[in-house]
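> Model the structure of this input:
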Amino acid sequence: MATTHTPVKTSARASGPAPAPRPRRGRRGRGLWVKIVVALLLVVEIYPMVWMFLTSLKSNDDYLNNSTWSLPTTWEWGNYTEAWTTGNIGLYVQNSLLAVVPALALMLLLGTAAGFALQVMVWKGRSLTLLVFLAGMMVPPQMILLPLFTVYFQTGLSGTLWPLILTYTGTGLPLTVFMMATYYRSVPRELFEAATIDGAGILRAFWTISLPLVRNALLTVGLVQFFFIWNDLLIALTFTNNQDLRTIQVGLLNFTGDFGATQYGPLFAAICINVFGTLVIYLFLNQKVMKGLTSGALKG
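Predicted coordinates for the structure are as follows:
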């Protein structure tokens, strides 16, 4: 029985010569330069903190008589104890928390409610109102300090932390309203329409629907505003006329020992407490901040 052989068809790609591998030297060169740049940036960011920590462990004579870049001759761990007790850093941190936390809570509550009203609710004049809030971002804080100081003095609020709380809330509110209104733009309106059909009012839609959707945005805005008002010096220096009401930034200005001599070891120890404390907060909330910057409303 005769058999026929069918010729096997081969593609031109299979029969042709194999393509030569592309040179990867250019990619490797670019990757090397990227690593070098990242390493330099890490050195620029990390080395000042390392130097500050090493300086906080020096004695006053060691700081004044030896090189600035030298290691401590004796490791003075007691500088941190002296900064916390003798330098009243514990009191200054407490005052900062008592001023920052209520101001941050008021700022987020009012800013979120205003952002909800400006973007979700439909009413006449909301665009003009948003422009008024944005105009508040253009007013320099230095221009309002003297009028505010007069108002606080006449109303009897001087000598308390209320001037700091009210001023922080007022100066941070325009940026908070703008950022929260921007986040509310990405929230689907169908969610609020469905809630309205189910019988939900404005307050229920705000508390039970909108807030869970923008919780990452709240955390992001809150952390940004926290660093702004925690590191404030001008407002705190203007309205704290009592040593017992100083915040940590004001307290670092007058960190002196006997006869007005600056104690550099405890001073740098206090700076380390301030810097590394806020750094830990940021590192702990870093991932949630990234989610707040990148996630949409349905992922919020």
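> Okay, residue 112 and residue 181: tell me how far apart.
Residue 112 is 10 Å from residue 181, where distance means C-beta to C-beta, to the nearest Å. Just so you know, the C-beta spots here come from the backbone N, C-alpha and C atoms, and that holds for glycine as well.
> Just the element for residue 64, please.
Using DSSP states H and E, residue 64 sits within helix 60-65.
> next structured bit after that helix?
helix 78-84.
> Can you tell me what sits against the helix holding residue 64?
Applying C-beta atoms under 8 Å, 6 or more residues apart in numbering, the external contacts of helix 60-65 come out as 55, 72, 73, 74, 261, 263, 264, 265.
> Torsion angles phi and psi at residue 76?
The phi and psi torsions at residue 76 (degrees, to the nearest 10) take the values phi -90, psi 80.
> what does residue 278 give?
The phi/psi pair for residue 278 (degrees, to the nearest 10) reads phi -70, psi -30.
> what sits against it?
227, 230.
> ok, now the one 5 residues further on?
The contact partners of residue 283, by C-beta under 8 Å, 6+ apart, come to none.
> for residue 206, same thing?
Applying C-beta under 8 Å, 6+ apart as the definition, the contact partners of residue 206 turn out to be 113, 116.
> Could you list the buried residues of the helix holding residue 64?
Under the neighbour-count criterion of 16 or more other C-beta atoms under 10 Å, helix 60-65 has 60, 62, 63 buried.
> In the stretch 151-300 of the chain, what residue spans correspond to helices?
Ranges of helices within the stretch 151-300 of the chain are 162-184, 189-197, 202-204, 211-213, 215-230, 234-239, 248-251, 264-294, based on DSSP state H, counting those that start in this stretch.
> State the pLDDT value of residue 57.
With respect to pLDDT, residue 57 has a value of 92.
> what's the answer for residue 285, then?
Model confidence at residue 285 (pLDDT) stands at 79.
> possible to save the buried residues of helix 60-65 as JSON lines with pLDDT?
Listed next are the buried residues of helix 60-65 as JSON lines, based on pLDDT from 0 to 100:
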{"residue": "60", "pLDDT": "86"}
{"residue": "62", "pLDDT": "88"}
{"residue": "63", "pLDDT": "87"}
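> so for stretch 152-172, what's the average pLDDT?
Averaged over stretch 152-172, pLDDT sits at 92.
> quick one: contacts of that stretch?
95, 98-100, 102-104, 106-107, 110-111, 141, 144, 148-149, 225, 228-229, 232, 235-236, 239-242, 245, 247.
> Which of the helices of the stretch 151-300 of the chain sits closest to residue 91?
helix 248-251 (7.8 Å; C-beta to C-beta).
> so what does that closest one touch, helix or strand wise?
In this structure, helix 248-251 makes packing contacts with helix 89-119, helix 234-239, helix 264-294, judged by 3 or more C-beta pairs under 8 Å, 6 or more residues apart in numbering; DSSP states H and E.
> Could you dump these into CSV with distance to residue 194 added?
Formatted as CSV, the helices and strands packed on helix 248-251 follow (distance: least, C-beta to C-beta, whole Å):
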stretch, distance to residue 194
helix 89-119, 17
helix 234-239, 44
helix 264-294, 25
